[in-house]
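Peer 1: Here is my input, please return the structure:
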Amino acid sequence: MSSKRVVTLLGLAGFIVMADNWVVSPLLPAISKGIGVSTVSAGILVTAYMLPFGIFQLLFGPLADRFGKVRVILTTFTIFTIATALCALGANLTSLALFRMLTGVFAAATMPISLALIADIVPMEGRQKAIGSFMGISFLGQALSMGIGGAIAYAFDWRGVFVVYGIVAAFVAVALWRMLPAAVGEHETKNPDSPMLKPYLSLLGNGASLRTYLTIFFEGVFLLGSFSYLGAVLSERFDLSFLAIGAVMTAFGVAALVAGRVSNRIVGRIGHVPTVVFGLVLMAIADGVVWTGGKSLLLTAIGVFLLGFGFMTTHTTLLTIATGFAEKARGAAMSLAPFALMLGGAVGTQIAGRVIAATSYSTMYAAFGVGLAVLALFASKAIKFKA
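Peer 2: I've put the predicted structure just below:
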C-alpha cells in the first residue's frame, strides 16, 4: 500500500475522532436543554474531553515509541469506539462528563501517533503536504459532524449523535485492524528502550521546541476557547435551530479542509514561520468579525470560516515543524503538540466561560482576538525552522 493510501486510512480514523471531538460545541444548547443545565455549565463537557485528551497524549506517545505505533492505535481506537457509544447513555451532567472523559482518554492516541507514522513513511520534503492531507481528511469529519450532528439532534435527540458516531467508528476500527499492520510494515520505527519522561524533558529543555509548544498551547487557549461557544453565540444572537447552528458551524470545518489542502502552497511561497503568523492573524480577524458581527448572520458565518482557515493554516505548519524535533522519539514529539493544544483549549474554554458569565459573548471574542494578535507577534519572533 502506498504512503498516500496509508495517509488516507489514518485520515479515516482522524475523521471520526475529530467528528466526536468537536461535535459537543454545536450541541451544547441541545445538551444543556436536555439535561436541564445552563449552556455555560454544560461547557464543562468540553473541558472533560479536552483535558484527558491532552494529558494522555503524554502517555501514549512514549508507549507508541516503545511498543509500536500501529499496536497502540488499534487498541486505543477500539476502546474509543465503545466509549463514544456510551455517551448516549449519559443521564445527567456528571455521568455524561465521565463518559466524555473516558472518550477523551482513548481518543488521545489517534492524531499524534498517526502524525508520527506519517513522519516515519514520508520524507520531510513531502511531509507538509501529507500532514495537510491527513489533517484535511480529519477535519472533514469535524466539518460534516456539525451539520450531521445538528441534523440528528434536530430530528431526534442529541443522544442519537453518539449512537451514530459509535457505529461509524466501529466500521473504521474494522478497516484499521484489517489493513494498517500490513500497510505500514517495516516502515514503522520502534525503540523498545524508549524512556517515558526523558524525551519530554529534552523537548522542553530546548529553546526552539519549547517556544513552538508554547505557541501551540496559546493557540489552543484562544482558538478552542473561541470555538467552544460559537454554537451558543448563534443560538443567542439569531435564535437558530440546532440544525441551522450545525450548518453555520460547518463553515469552520470546510475552511479547515480547504486550508489543509493549500497550506503547503502557502509555505512554499512565504516560508514556515510567516505561514504560522498568517494563520494566527486570520484567527484574530475572525474573532474580531464575530465580535462586531452583532445581528448579522452573514458576518458571523464569515468569522467562523476565517477561524477554521486560520487554525488549519497555522496548526499544520506547527505540526510539520514539530516532526523534526526528535526523530528517535517522534511519538513523544507529536504527542506533546496536541497535549499543548488541548490543555490550552481546556484552559481557554474555562476562561471564556467566566468572561462570558461576567460580561458578554462579544467581550470574550474581542479579548480573545487581541490575544491571538499578540500571539502572532510572539510567534514571528520566537519560532525558528530549519529544513
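Peer 1: pLDDT below threshold where in the stretch 51-200 of the chain?
Peer 2: The stretch 51-200 of the chain contains residues with pLDDT under 70 at 143, 185-195.
Peer 1: let's see it at 90
Peer 2: For the stretch 51-200 of the chain, residues meeting the criterion pLDDT under 90 lie at 51-71, 88-94, 111-113, 115-164, 178-200.
Peer 1: Same question for the stretch 251-387 of the chain.
Peer 2: Looking at the stretch 251-387 of the chain by pLDDT under 90, you get 251-264, 292-296, 319-339, 341-343, 345-346, 349-350, 384-387.
Peer 1: do that again at 70, thanks
Peer 2: In the stretch 251-387 of the chain, residues with pLDDT under 70: 326-330, 386-387.
Peer 1: Which strand or helix spans residue 290?
Peer 2: Taking DSSP states H and E as the definition, residue 290 sits inside helix 272-293.
Peer 1: Pull out the buried residues from that helix.
Peer 2: By 16 or more other Cβ atoms under 10 Å, the buried positions in helix 272-293 come out as 272-273, 275-291, 293. For the C-beta atoms, the positions are set from N, CA and C on the backbone; glycine is no exception.
Peer 1: If you count contacts, what does that helix end up packed against?
Peer 2: helix 207-228, helix 230-238, helix 242-270, helix 297-322, helix 361-382 (3 or more Cβ pairs under 8 Å, 6 or more residues apart in numbering; DSSP states H and E).
Peer 1: How about the last one, which residues are buried there?
Peer 2: Taking 16+ other Cβ under 10 Å as the basis for neighbour counts, the residues of helix 361-382 that come out buried are 361-362, 364-369, 371-373, 375-376, 378-379, 382.
Peer 1: That helix - contacts with which helices or strands?
Peer 2: Packed against helix 361-382, as judged by 3+ Cβ pairs under 8 Å, 6+ apart, are the following elements: helix 207-228, helix 230-238, helix 272-293, helix 330-358.
Peer 1: where's the closest residue to residue 110 other than its chain neighbours relative to residue 10, distance?
Peer 2: Here the nearest residue to residue 110 in space, its sequence neighbours aside, is residue 17; by Cβ to Cβ, 6 or more residues apart in numbering that works out to 4.7 Å. Residue 17 sits 10 Å away from residue 10, taking Cβ to Cβ, to the nearest Å as the criterion.
Peer 1: and what of residue 18?
Peer 2: According to Cβ to Cβ, residue 18 and residue 10 sit 12 Å apart.
Peer 1: which residues are common contacts for the two?
Peer 2: Contact with both residue 18 and residue 10 is made by no residue, according to Cβ atoms under 8 Å, 6 or more residues apart in numbering.
Peer 1: Now the helix or strand where residue 147 lies: buried residues?
Peer 2: Per DSSP H and E: residue 147 is located in helix 124-155. Under the neighbour-count criterion of 16+ other Cβ under 10 Å, helix 124-155 has 127-154 buried.
Peer 1: again with stretch 265-274
Peer 2: So stretch 265-274, judged by 16+ other Cβ under 10 Å, has buried residues 266, 267, 272, 273.
Peer 1: you'd agree the third one is up against residue 314?
Peer 2: No - look at residue 272 against residue 314 with Cβ atoms under 8 Å: they stay out of range, at 10.6 Å.
Peer 1: Name the SS class of residue 384, please.
Peer 2: Recorded secondary structure, residue 384: coil (DSSP: H, G, I helix; E, B strand; the rest coil).
Peer 1: For it, grab the count of nearby residues.
Peer 2: Counted with other Cβ atoms under 10 Å, residues neighbouring residue 384 total 13.
Peer 1: can you check residue 211 too?
Peer 2: Based on other Cβ under 10 Å, the number of other residues close to residue 211 is 15.
Peer 1: Model confidence for it, exactly?
Peer 2: Note on residue 211: pLDDT of 94.
Peer 1: Enumerate every residue touching it.
Peer 2: Applying Cβ under 8 Å, 6+ apart, the residues contacting residue 211 are 382, 383, 384.
Peer 1: ends of stretch 144-163, how far apart?
Peer 2: 16 Å (Cα to Cα, to the nearest Å).
Peer 1: Hmm, residue 52 and residue 105 touching each other?
Peer 2: Yes - assessed by Cβ under 8 Å, residue 105 is found in contact with residue 52 at 4.5 Å.
Peer 1: so what sits against both of those two?
Peer 2: Common neighbours of residue 105 and residue 52 (Cβ under 8 Å, 6+ apart) do not exist.
Peer 1: hang on, the earlier thing: now for the helices and strands packed on helix 361-382, which one comes closest to residue 26?
Peer 2: Checking the helices and strands packed on helix 361-382 against residue 26 by Cβ to Cβ gives helix 230-238 as the closest, at 4.0 Å.
Peer 1: outside of the closest one, which residues touch it?
Peer 2: For helix 230-238, contacts defined as Cβ under 8 Å, 6+ apart pick out 25-29, 39, 240, 244-245, 248-249, 252, 290, 293-295, 297, 300, 304, 307, 361, 365.
Peer 1: Give the burial count for the closest residue to residue 335 other than its chain neighbours, as a bare number.
Peer 2: Closest residue in space to residue 335, ignoring its immediate chain neighbours: residue 61 at 2.8 Å, by Cβ to Cβ, 6+ apart. By other Cβ under 10 Å, the residues close to residue 61 number 32.
Peer 1: Could I get the contacting residues of residue 61?
Peer 2: Applying Cβ under 8 Å, 6+ apart, we find residue 61 in contact with 112, 113, 116, 199, 329, 331, 332, 333, 334, 335, 336.
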